[in-house]
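Enquirer: fold the following for me, if possible:
(one chain, ligands or ions: 2)
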Amino acid sequence: MTEEATNRNGGSGSGPTLKLGIVLVLVIAVGAVIYAKRQPGKPTSVDAGASEQVSLATAEEPANAQKAATSPVKTDKVPRLIDLGADKCIPCKMMAPILDELKKEYAGKMEVQFIDVWKNPGAGKEYGVQMIPTQIFYDASGEERFRHQGFFSKEDILMKWKELGVDLAVEPKAAESFSRWEPAQPDSRPKDSICYLCDGDIVSKTWTVMKTPAGEVAFCSPHCYIITFASITDEDKTHENASVTDCSSGELIPVTAATYLYGMDEHGRPTIKAFADEAAAKEEQKRSGGSILPWTQLEAKEMVTRCGFCDRPVYPEDASIVRIEGLQTWACCVMCALGVAARTGKDIELEAKDALTGDPIRVKTFEGHVAELEPPTAVAWGGARKDAEGNIKSTGCFKQAFFSNEANLKKWVEAHATATGRQMTIQQGLTAKMKLTPEQISKACKIGECTPK
Ligand SMILES: [Zn+2]
Ligand SMILES: [Zn+2]
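Expert: Ligands and ions are numbered 1, 2, ... in the order given. A predicted model of the protein is given here:
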């Protein structure tokens, strides 16, 4: 495992059996949530956020009157967007960074104004606003063209202007973003000493290989092999093509024929050693502890905790923690964690770590948007490469990271000469996931989609 892939928790207070029991219950509970949420007919569009609007209308007032005739209209020659809200309502708060961005990117081309109707109660009446937030679109002649109630994403706002035939006549200034598409230094390790999945160094004692039509693929451990096997969508997949190193002799033996010693390292992270001979496994068990498992039980144990987005097995010690309505699930990486919001259609709370410093980073989503970010300067690194046609391809879960700020990201990239990809906002990472169709989500992280190299 590479250090960036491994959020190791020190200590192992509870016994593994008890821990796995809890894990299993949680996985079932989260699975139920995911299942319930994946039922058809559940809209997940931003408009669902309408339920979070705050009503300003009294019972006698008509609910959807569009009476803006009395609005004071400026005589300048640019279109104008007014957002009427309050600083305490959640969807209103989510509008604030969007308004800021629009203000900056379309300076001189569009006027953007926020009015707090709780601080200026007169304004709500003046603009005929029943709910907050409400956005009113005025064209350059000052005529009201459209109004929208509830959270309105930046993409939707820009699309609406276009629909209204209002040409903002300027390409938004692309946000300055850091990227690197060629490794600063090529990976000098011999190919067969690099784990196909996690990119970690292969230690000869746990070397695991899988024969594929394209050649042999090497893994650092049976764990990385099992994750990869779980990603294969081929119906005819079989463990017959895989071999593992016998710890005693160093010879390769079929994975299904080995006896495994499932132990724990000093960080509380599982370790797997394979033996051709059960007696040798028991000898090692006397020295280092752990439990003896045949292949079928090892695989079943590995498959107990899975990523809430891509379903692949993951050790909680390596995972990002995601909470959905108080239930906890895990994710292979920070991008998978954002994907849990897309897969479940629920708001999530994500606890991640700065890949450089280990400092906590917390993300809360609301209707597919980042509603809270702690620290607010946090950014994402989207590990990726460009293919021959220039298309951006993910380099897999083990190459994705969050940082507390841009400076940490740059330091980390500098220290990882082989890393390629680009800086993203966490919202961009989430938006990419929210755009996936259920079909794409069901295929996410499957072989070929985000192969490490
Ligand atoms: Zn590995
Ligand atoms: Zn995943």
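Enquirer: can you pull out the helices in the stretch 51-200 of the chain?
Expert: Ranges of helices in the stretch 51-200 of the chain, per DSSP state H, counting those that start in this stretch, are 90-105, 121-126, 154-163.
Enquirer: okay, those helices in TSV with distance to ligand 2 next?
Expert: In short, each C-beta sits where N, CA and C put it, glycine included. Shown next, in TSV, are the helices of the stretch 51-200 of the chain (distance: least, CB to the ion, whole Å):
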stretch	distance to ligand 2
helix 90-105	26
helix 121-126	45
helix 154-163	26
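Enquirer: who in the protein is up against ligand 1?
Expert: Contact residues (CB under 5 Å from the ion) of the chain with ligand 1: 195, 197, 198, 200, 220, 224.
Enquirer: between the helices of the stretch 51-200 of the chain, which one is nearest to residue 322?
Expert: With distances scored as CB to CB, the stretch of these nearest to residue 322 is helix 90-105 (19.7 Å).
Enquirer: and the stretch 251-400 of the chain, which residues reach ligand 2?
Expert: By CB under 5 Å from the ion, the residues of the stretch 251-400 of the chain that approach ligand 2 are 307, 309, 310, 332, 336.
Enquirer: note down every partner strand of the helix or strand hosting residue 321 and its orientation.
Expert: Taking DSSP states H and E as the criterion, residue 321 maps to strand 320-324. Strands that pair with strand 320-324, judged by DSSP bridges, come out as strand 327-331 (antiparallel), strand 348-353 (antiparallel).
Enquirer: of the ones you listed, which is nearest residue 161?
Expert: Set against residue 161 and scored by CB to CB, the strands paired with strand 320-324 come closest in strand 348-353, at 30.5 Å.
Enquirer: quick one on the thing from earlier: switch the strands paired with strand 320-324 over to a markdown table; also include mean neighbour count and mean pLDDT.
Expert: Shown next, in a markdown table, are the strands paired with strand 320-324 (neighbours: other CB atoms under 10 Å; pLDDT from 0 to 100):
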| stretch | mean neighbour count | mean pLDDT |
| --- | --- | --- |
| strand 327-331 | 23 | 93 |
| strand 348-353 | 21 | 95 |
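Enquirer: now tabulate those strands in CSV and tack on distance to residue 288.
Expert: CSV is the format used below for the strands paired with strand 320-324 (distance: least, CB to CB, whole Å):
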stretch, distance to residue 288
strand 327-331, 26
strand 348-353, 29
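Enquirer: how about these, which one is nearest residue 341?
Expert: The nearest among the strands paired with strand 320-324, by CB to CB, is strand 348-353 at 4.6 Å.
Enquirer: give me the below-cutoff pLDDT ranges for the stretch 51-200 of the chain.
Expert: Where the stretch 51-200 of the chain drops to pLDDT under 70, the residues are 51-76, 169-176.
Enquirer: please, where are all the strands along it?
Expert: Per DSSP state E, counting those that start in this stretch, the stretch 51-200 of the chain carries strands over the ranges 54-55, 80-85, 111-116, 131-132, 134-138, 144-149, 179-180.
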